[in-house]
Structures are given as C-alpha cells and as structure tokens.
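K.L.:
Okay, predicted coordinates and the sequence, questions at the end:
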Amino acid sequence: MSRDALLWLMLALPFAGSFGAALLPSRARDAAGLLAGAVPLAGAIIAAMLYAEASGGQLARTELEWLPSLGLNLVLRLDGLAWVFAFVILAVGFLVVLYARYYMSPEDPVPRFFSFLLAFMGSMLGLVLSGNLIQIAFFWEMTSLFSFLLIGYWHQNQSARDAARMALIVTGTGGLCLLLGLLLIGKIAGSYDLDVVLASGDLIRASNLYTPALILILLGAATKSAQVPFHFWLPRAMAAPTPVSAYLHSATLVKAGIFVLMRLWPVLAGTDTWYVVVSSMGLATMLFGAWAAMFQQDLKGLLAYSTISHLGLITVLLGLGSPLGLVAAIFHTLNHATFKASLFMAAGIVDHETGTRDLRRLSGLFKFMPITATLAMVAAAAMAGVPLLNGFLSKEMFLAEALENHRGTVIDQALPVLSTLALAFSVLYSVRFIHQCFFGPPPKDLPRQPEEAPPWMRLPIEVLVLACLVIGVVPGLTIGPFLDLAARSVLGSSTPEYSLAIWHGFTMPLLLSLFALVAGTVGYLIFRDQLNRRESPPLMRRVKGRKVFDSVLAAIILAARVIEQRLGTRRLQMQLRLIVVIALLAALLPFLRYGYSLGTHPGTIVDPGFAVIWVVGGACAIGAAWQAKYHRLAALILMAGAGLASCISFVWLSSPDLAVTQLLVETVTTVLLLLGLRWLPPRVKDVWPEGQSPWRVLSRRGADLTVAILAGAGMAALSYAVMTRQLPDTISREFVTRAYPEGGGTNVVNVILVDFRSFDTLGEISVLAIVAITVFALLRRFRPAADSVAPPLQQRQQNAFDDVREDRRVGDTLRDYMLVPRVIMQWLFPVTLLLALYLFIRGHDMPGGGFAAGITLSIGLILQYMAMGARQVESRLRVRPIRWIGTGLLIATATGAGAWLFGYPFLTTWFSYLDLPVVGKVPAATALLFDLGVFILVVGATALILVALGHQSSRTPRANAQPAAVKED
Amino acid sequence: MEIVLSLAIGVLTASGIWLILRPRTFQVVVGLSLLSYAVNLFIYAMGRLLVNAPPIVESGGVADPANYSDPLPQALVLTAIVISFAMTALLLVVLLASRGLTGTDHVDGKEPD
C-alpha cells in the first residue's frame, strides 16, 4: 500500500471502528473490546511501518482536494512530532482498551463506551496529523465533543453530567478562541497550509495581529491543557470512568493544548509576549497544581491536580522559548503520559478492589495486592523524579533549563526556586499516595475485601511501568531516536545538542533534585496528619475558577430568562401581531425613502363583469372574517366564495392551469374543514361580568382592525404600483421560447413544473408527502373530542321514526334518505377516474397535469367515503395511500436519477413523439413519467389526509350513522 | 383590471390578517386560507395581467413570449396552492388535536384569564 493510503487508513480506522462498535448490541462487551483493541493495534502497526520508511527524516504528506476555490485542501502531514504523538495515542489507547475491558462493569453499555473512545482516538489522531489550520480546529472541537461524551458516560450521575457540561463549555469556548487565533494566523501567513505557515514565522511575529492571535491561541491551549485559571474542569472530569481519566486526562486530550503550542512553536515562540505570558501561566499552574495535589483526599483528585502541575511544567518549558526547553517539553510529555496513565490505572484498580478512593480510608494494601502496589510505587517514583526512571531525566532537563538565564527578568530569577518548590511538593504527594495506600496498618471497614487485580488488567500497567524503567535506565537506546526525530521536525537545523545520559556529574540540577526529594519526604513525615485533616487546600480560597464559572453560567441563564420574560411571549396572538406589524414597518421603509409612484404600463381595461365578481368575492372575504367566530359553516362557505372569485380571476387572466388546480384544491379543502368542524366546541356569546367594561377587548380589536386594514391597503397599493410598471425582462422569456423545442410540451406552466424546474416540484411533493404522513401519524392514536352538538332535528326525527317501528332499525331512514345522492356519487366514480386520467394525459400540452389529476382522483375517492362510509368503501376497495405516496416519490426520483444512466445531471428530461394507432400522435417525454410520480403521490397524500380525518368519525360510538358535518346552532 | 385585482388583494389580505390575529383556532385557519388567496393573487400579478393569452404555445416553431401571459408566476402559484392546502390540512389536524387534548379551541391551548 502506498504511504498516502496508509496515512488515510490510520486516520479512518478509529472512526470506522467507532461506527462498528456503535452498531453492536449493548451487551456485546467482548466483541466491542476486540474491535476496540484491534483498531489501535493496527494503527500502531501502520505507524511503525510509516516510521520504518520515514526514518530518512522526510515527512509523509498527502492531500485531498477539498475546497480548491478557497485554496483549502485536506492535508495529512506526518512529521516527527506528529508521529511521536500518534504513537502515544495509539499505544496508550491500546493499553487503555485492554484495561477498560476488565474495568467496565457488565451492567454498563460497553460498546457505546468503546465507540466513544475510538471516535476520540480518531479525533486526536486527526488533530496531530492535520496539515492545515482549519483541520486542527475541527479535530480539536471533535476531541472536546467526545471528551464530553466520555466524561458523561455514566450519565445517570448528576456529577458526571455536570462535569461533562463544564468540560464541554470550557474547552469548547477555548476551541472557539483557538479557531479565531488560527484564522488570524492563516490571514497573516496568507494560507492555512501548515507548511506555509511554519515557513512564515518572521512574518507572523512581525505582524500587528500577532498579539491577538497569540492570546486567542493561548486561550484555546490553556483551557484544553487545564492551565490556571481554566484548570477547574479537569478535577471535576474525574467523574468519568477511570480508563477515560487514564487516556484523556493524562495521556492525550490534555496534551492537545501542549501539542498545538509545540506545533506552532516555530512561528509563535521567541517573543517577549510569548515568554512572559506562557512561562508565567505555566509557572502558576505548576505551583498551584502541586500545592493543591498535596491536599487531596481522593486518589483520582490527587492525580488530576498532579496532572495540572505537570502540564504547567511543560508549559513553562515551552514558554522559555529555548530549543532545549522544547526538547525537554516533548520528552516530559512522553514521560508524563507513561507514568500518569499507569498511576490512573493503578488508582482504578484500588478503587475497583476496595470500593473507595479516599486516601484516609485506604491503608496497608500492599499485603493484598503486592504486584499492583509495586507497579504503582515505580510509577509514583517516576512522577516524583527518582533516578533511574524516566521522570528523573526530563526533570533534570527541566531544572537545567530553569537555571539558565533567558531574559534576565523576575521570572528567570524566581524560576529555580519555584521549580524546586513545586518538585518538592510533587515528591510529597507521590510519597503520600504510595504510603497511605499501600503501607501502614491493615485497612478497616472497606466497602469490599481487597485482592489482587486479574493479570490482564495489570498487564497495561506493567507495560507502561516497564517503559518508565527502560527509558529511565537506557534513554539513548530507547527514546533517543524518537525524541530526536520529534525535536528535529519542529526545530529543523537549530536542533540543539543535548544529552540523555543518566549521570552528568554533581551538577546544580542534580543537587536541586536531591534537595526536592529529601524535602518532599521529610515534609510528608512532618505534615501527614495535618494533610489528612484538610478538606480543601489552604490559601486556595481565592482561586475560585469553578465558582466563577458557575456564577457566570448562572448569570447567563438568568439573563436569558429575564430577556425571554421581558421580550418573549408565549401567546400566539401577540407573536402574530408582532410579526405582522414588523412586516408592515419593513415594507413601509422603502416607501418612506423613495416615495410612492405609479408606472406607465397601460394595463388592461376594466371589465364590469370582473369588477362584479370581486365585489362578491370581497364581500365573501369580509363576511368570512366577520362570521368565523360564531358561524363556522357560514364562514367556510363564504371563504370558498372568495376562493371561487380568485379561481375565476385565474381563468379570466389567462391562467387556466391555476384555475383548475385552485378549483380542485378548494373542493378538497372545504371537505376537509367540514370533516373537522364537528369536533370544535360550541361557541357562546362573550358574557362580560357586571361592572367590567369590555373596553380592553374593544381597544384590542380596534388595534387589530387597524393593523389589518393598513396591511390590506398596503398590499393593494403595492400590487397596483407593480402592475402599472412594465414587466422587466425575466427568465420567463426563456421558458416560453424553449418550452416546445426543448421540453416537448406546449403547456409552458406544466413544462416548467415537470421539466425546467422539476427539482422544485420534487421538493414540493416531498413536502406534501411529509405533511400527509404527519397528519396520519398525529391522528393515528388520537381520540377526537366529543361531538359538540346533538344530531340535527331532522335526523332526530328520522331516528325517532325508526325507533317506534318494529321493522326498522335506527339509521335506516337516514340511509334511504341518502339513497339518491349515494347512488349518484357511486356512479360518478368511474367518471371522475376518467376525468383524472384525461387531465393527466393532456397536462403536458393543455391545462391539467399531475397535480390536478391527482386531486381529482382523490375527490372521487372521498366521494365514495361520503356516500358509503369508510367501512363499506374499504371492504370493496383497497385504499393504501401510504403505498401510493411511496410509489409516487419513487417514480419521480427514479425518473430523475435515470438521467444519470445516460450521463446527464439529475432530472434531465428526454422527449419524443410517438405515433400510436387510433390515439394519434402523443408526446412521450420522461417528464411525463415524472408527472406520473407527482400524480400518484398527490392522490396518495390527499387521500391519506382525508381518510385519516374521516376515520375519526368511526372512533366515537354514535358517529357511524351521522353525516360527516354537523352544522353549529 | 389592475385596480380591481389590487383592491381584491387588499380586501383578502385585510380579512386574512384580521382573522389570524383572532383567538380561536378556526378563525386562524380561515384567515390563513384567505391570506393564501391574497398572496397567490399577488404573486400571480407580478407577471402582469393579460386577457386571452394563456401560456399554451403553438407546437412547432419558436414562440414569441409577448403573446403569452407570464408562465413563471403561474408555476410558482400552482406550487403555492398545493402547499397551502397541505398547510391548511396540517393546521386543522393540529388544532383538532389541541382541542382534544386541552378541551379548548383557543390558540394558546387555554382560555384567557
């Protein structure tokens, strides 16, 4: 396989694995574990293969075109730094999966856990492999997102949910800052490509935008890597399962900020701003974390604060801006990942086996779990910086750098003292961790009887601790080449000489380090009892990141609520009033600015007939508005009258297609509303209590009436102004001239619908289908309100008549009485069917088409329902509207997709004329097939809506014998 | 004809808006229907008015657009008619469901205090 393909495969594998794990059933923990283990293992093998090939020092780099118009490509870029990080991500990932397989309880949905973990792994790999700035920001956000999901994995715990939300908000906000910062860098450099950016360091540092970009990027890095004052989310994130803490919160996620700082080190570091801001932030974090870690009573809390402290140490090294500092930073990042992940796993075992993580309750566990205890001791010694372990080496390098004079500032002078202090603290909490857990008297009343962990669960720790030891004893042979590769990829030719030897003689760093070891141990012996009494670290009352976060969050929520209360309303009338008034004002503005004038277009002469139609139509509209409250049926009829007037206008004004459709839709709408009327409550006149004047009501109505009249007048004035102007040249011209030669139809409207703009029509019929299915779903389990009014007088009389006669059953007279209309309606069905077919076939050339035909057929269907009742119709006719909808949509889409087979874009049509015997010349266009889809779908959708509503009447006991509509009294 | 159609659009709009500001669901449904008539006519009017010139071209030859009424707004309105039917249907069902669940036909789902 080529290098490019290998690189893409390495990135794609975790996501594919995540997807696969997500599909597993929630009890399949072994399968999920196998899958999750295989992915990082394969990734690590790929990384090793790429290393073997890349040992010449050159980068692996591969591009995919993404947005070429913006000069953006998807770039994967594997250099030394990326390789080292990727390997850590994959190797620690594998060990964590192994550990998690034994750690996670069978009650938990383990596949989901592994799915999140793999997706996180992929995001992290994506971040380190990114070859452009936008990709870095993208994968950065993805790591935040999956960290959120992983912290909140035990979402039944309030604390896990809170911690997850806090982590997401803090790192997400930081991510936004990072994105802005990266965009600024990209703007300065003129490209988002990392290679270009890295080559334009001088340009970036000299730019005016350097400081804002730096601050923004540091905000991102500081939130992610838990630097003071944004550290507070990390201790809270310990609510996550321990494998997550071991993986995300020690080895990978929190190193993302560090990684970005390292990645951009060549372009950002070296200025005074960088030096002051980064090193002081790191120093504060290092001291604060170490101080707070000493006072923790929770095992994982101690490790979390210790992680914060070590992240601070790495940040200091980066802040110093010297090449040696960078080498030490990379080295310490790797060492920290090994010893801290193993410590977290050991803490997890202690928690798992004893049921508690409280240092005050734990004691003398060495007897019960000697192997775990030994492993934890070695790892803790590495954390404390004991010689012959990896932590010692990078700590020596750190102290050597701390002693160097970099800029001659206060920071330089304070650094050796403060560093030694932080290291002494670090020794103290390491000793405390080990001594209180594993030594002393046997533990009393633990929740569980402790015993040694299973060997497979210990294996990951054994591997990591072995790494600590081997690196600590023979650094040059083990970590040396990799460290060199990583450092060289960042520093290039300015890579300094450094020595990884264990023994440099009695140097100042060694003395400081020995001092810290002694001071920390002695400090523990003196203060251990006091430390155990503390609930929270002293002197830290003022560092209230979490409180600030909580109060800011509360303030935002409160402000939102106040604004919502002040400016929002839940009342529909108020909302609609606002919308209408705002629309009115928006429409008024241009007229205020440019004035109102009429054009010169002569227009058409007023026909008195047309005027009469609209006198009636307008009266109908006003009547409907007037009667809709108390006389619903009257309002419905009046509304249909207005609809009829607009239908006639369409005929009059040369638009037969619209007229046909409007008429048919009008029919269906009326039937629909009639079906619904019976369940509306009876309306009684408003009765106002004595003494209360309805002035409030009157003024509200007055205001509404004013708004309505203003809106109506505005619409009238606007449309008149438009109609007196000449029609500008629009694309309609094209449609008319091309309809026949290119669309094969003479009815231009139909050709537009099924050919030129058929994509719109496809969307429209989809909407119709969705609405129909929604209506169906809403009504499926719905029981309508009781009928509001009693059966009408005539029906009561008929039923009474049936009741007294012995040979008649109730409802017989009604049925007889409906006989004639029923027979007519039944006999009309074939006629309607034929009419529908006729409208459909002529549609391409003459007024008609799929819509009109579809609605016609559904009217035919509903007539049958009205004539015979739902049960009788359905016993004779299999009406399956949902299938019709599906078929129609399928035909329309398939017709569109058919064009692909011939190499044309979606929905390209083809046409010709066929000469059929008897019928004559008929158009045969694929557009006709599309129209067939429209036709079938419209039948299905309309019928589904009407039938669903019609079925409601059979859901109340009396309903069968009643006509569909009941007039209100 | 233009003046008549403009007035018609105005009357339909005013009636529709009056109704959608009313408190009862049925009024809102009728109001929306009236408003859709108005909007459909308005969109249609944007293509200007022509009498006896339906956009049915002669078969064969190239048609002269000046002889036909504007087909584009017609296609748009045809779509709009169907969509407003769908909207009315959905609204009707929602209001029936709301009436069934809340026992009232007030638009807010509860009678005003």
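P.N.:
Sure thing, it's come through.

K.L.:
can you give me the helices for the stretch 351-500 of chain A?
P.N.:
With DSSP state H, counting those that start in this stretch as the criterion, the stretch 351-500 of chain A has helices at A:370-384, A:390-403, A:410-438, A:455-473, A:475-478, A:480-491.

K.L.:
hmm, I was thinking of the stretch 101-250 of chain A
P.N.:
Counting by DSSP H, counting those that start in this stretch, the helices of the stretch 101-250 of chain A are A:110-129, A:133-151, A:158-189, A:194-199, A:201-206, A:210-224, A:233-236, A:242-246.

K.L.:
what's the residue nearest the centre of chain A in contact with, if anything?
P.N.:
Geometric centre of chain A, nearest residue: A:Leu145, 9.6 Å, by C-alpha atoms, centre = their mean. By C-beta atoms under 8 Å, 6 or more residues apart in numbering or on different chains, the residues touching A:Leu145 are A:Ser123, A:Leu168. All C-beta atoms are positioned from the backbone trio N, CA, C, and that covers glycine.

K.L.:
returning to what we had before: out of the helices of the stretch 101-250 of chain A, deepest packed?
P.N.:
Ranked by mean neighbour count under mean count of other C-beta atoms under 10 Å in any protein chain shown, the helices of the stretch 101-250 of chain A are led by helix A:242-246, which reaches a mean of 28.

K.L.:
Any chance of the backbone angles for residue 64?
P.N.:
I'll assume chain A. Phi and psi for A:Leu64, reported as degrees, to the nearest 10, are phi -130, psi 140.

K.L.:
Correction: the question concerned chain B.
P.N.:
Here is the backbone geometry of B:Asp64 (degrees, to the nearest 10): phi -100, psi 120.

K.L.:
which stretches of chain B have low pLDDT?
P.N.:
Within chain B, the segments meeting pLDDT under 70 span B:113.

K.L.:
Could I get the full set of helices for chain B?
P.N.:
For chain B, the helices defined by DSSP state H cover B:2-20, B:25-45, B:71-102.

K.L.:
Where does the residue of the stretch 401-550 of chain A found nearest chain B sit: helix, strand or coil?
P.N.:
Closest to chain B within the stretch 401-550 of chain A is A:Asp550: 35.4 Å, counting by C-beta to the nearest C-beta. Counting by DSSP: H, G, I helix; E, B strand; the rest coil, the backbone at A:Asp550 sits in helix.

K.L.:
That one: neighbour count?
P.N.:
14 (other C-beta atoms under 10 Å in any protein chain shown).

K.L.:
Return the distance of it relative to A:Val170.
P.N.:
12 Å (C-beta to C-beta, to the nearest Å).

K.L.:
go on, A:Val518?
P.N.:
Distance of A:Val518 to A:Val170, computed by C-beta to C-beta: 38 Å.

K.L.:
Same question for A:Leu313.
P.N.:
If you go by C-beta to C-beta, the gap between A:Leu313 and A:Val170 works out to 21 Å.

K.L.:
Reformat the helices of the stretch 101-250 of chain A as CSV; add distance to B:Val77 and mean pLDDT.
P.N.:
Shown next, in CSV, are the helices of the stretch 101-250 of chain A (distance: least, C-beta to C-beta, whole Å; pLDDT from 0 to 100):
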stretch, distance to B:Val77, mean pLDDT
helix A:110-129, 48, 94
helix A:133-151, 44, 94
helix A:158-189, 45, 94
helix A:194-199, 53, 91
helix A:201-206, 57, 91
helix A:210-224, 51, 95
helix A:233-236, 56, 90
helix A:242-246, 58, 92
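
K.L.:
Is there a neighbour count for B:Ile17? I'd like the number.
P.N.:
Around B:Ile17 there are 28 residues (other C-beta under 10 Å).

K.L.:
Skip the chain neighbours and tell me the closest residue to A:Pro847.
P.N.:
A:Pro656 (3.8 Å; C-beta to C-beta, 6 or more residues apart in numbering or on different chains).

K.L.:
Now for the one you found, how many residues are close by?
P.N.:
18.

K.L.:
Flag the shaky bits of the stretch 601-750 of chain A, pLDDT-wise.
P.N.:
For the stretch 601-750 of chain A, counting by pLDDT under 70, the residues that fall below are A:686-693.

K.L.:
re the thing from before, how about the helices of chain B, which one is nearest A:Phe439?
P.N.:
helix B:71-102 (66.7 Å; C-beta to C-beta).

K.L.:
Residue 106: how many residues sit nearby?
P.N.:
As the question left the chain open, I've gone with chain A. 7.

K.L.:
nope, chain B
P.N.:
19.

K.L.:
circling back: reformat the helices of the stretch 351-500 of chain A as CSV; add mean pLDDT and mean neighbour count.
P.N.:
Listed next are the helices of the stretch 351-500 of chain A as CSV, based on pLDDT from 0 to 100; neighbours: other C-beta atoms under 10 Å in any protein chain shown:
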stretch, mean pLDDT, mean neighbour count
helix A:370-384, 93, 24
helix A:390-403, 90, 24
helix A:410-438, 91, 22
helix A:455-473, 92, 20
helix A:475-478, 88, 15
helix A:480-491, 89, 20
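
K.L.:
Reformat these as TSV; add distance to A:Cys177.
P.N.:
Output for the helices of the stretch 351-500 of chain A, formatted as TSV (distance: least, C-beta to C-beta, whole Å):
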stretch	distance to A:Cys177
helix A:370-384	31
helix A:390-403	28
helix A:410-438	24
helix A:455-473	33
helix A:475-478	37
helix A:480-491	23
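
K.L.:
Kindly reformat the ones you listed as TSV containing distance to chain B.
P.N.:
Shown next, in TSV, are the helices of the stretch 351-500 of chain A (distance: least, C-beta to the nearest C-beta, whole Å):
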stretch	distance to chain B
helix A:370-384	60
helix A:390-403	65
helix A:410-438	59
helix A:455-473	54
helix A:475-478	69
helix A:480-491	59
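
K.L.:
Tell me which of the ones you listed lies nearest to B:Gly60.
P.N.:
Of all those, it is helix A:480-491 that lies closest to B:Gly60, at 72.5 Å by C-beta to C-beta.

K.L.:
near chain B at all, stretch A:715-724?
P.N.:
Yes: contact of stretch A:715-724 with chain B (C-beta under 8 Å from any C-beta of the partner chain) involves A:Met715, A:Ala716, A:Ala717, A:Ser719, A:Tyr720, A:Val722, A:Met723, A:Thr724.

K.L.:
And those, which is closest to chain B?
P.N.:
Out of those, the member with the shortest distance to chain B (by C-beta to the nearest C-beta) is A:Ala716, at 2.9 Å.

K.L.:
That closest one and A:Pro602: what is the separation?
P.N.:
A:Ala716 is 20 Å from A:Pro602, by C-beta to C-beta.

K.L.:
So between those two, which is more surrounded?
P.N.:
Neighbour count, other C-beta under 10 Å: between A:Ala716 and A:Pro602, A:Ala716 has more, with 23 against 9.

K.L.:
For burial, what's the neighbour tally of A:Ser2?
P.N.:
Neighbour count of A:Ser2, defined by other C-beta under 10 Å: 8.

K.L.:
so who does A:Gln864 touch?
P.N.:
A:Gln864 neighbours (C-beta under 8 Å, 6+ apart): A:Met825, A:Gln826, A:Phe829, A:Val873, A:Leu877.

K.L.:
do you know how far the fourth one is from A:Leu833?
P.N.:
What that stands for is A:Val873. Distance check for A:Val873 against A:Leu833: by C-beta to C-beta, it reads 14 Å.
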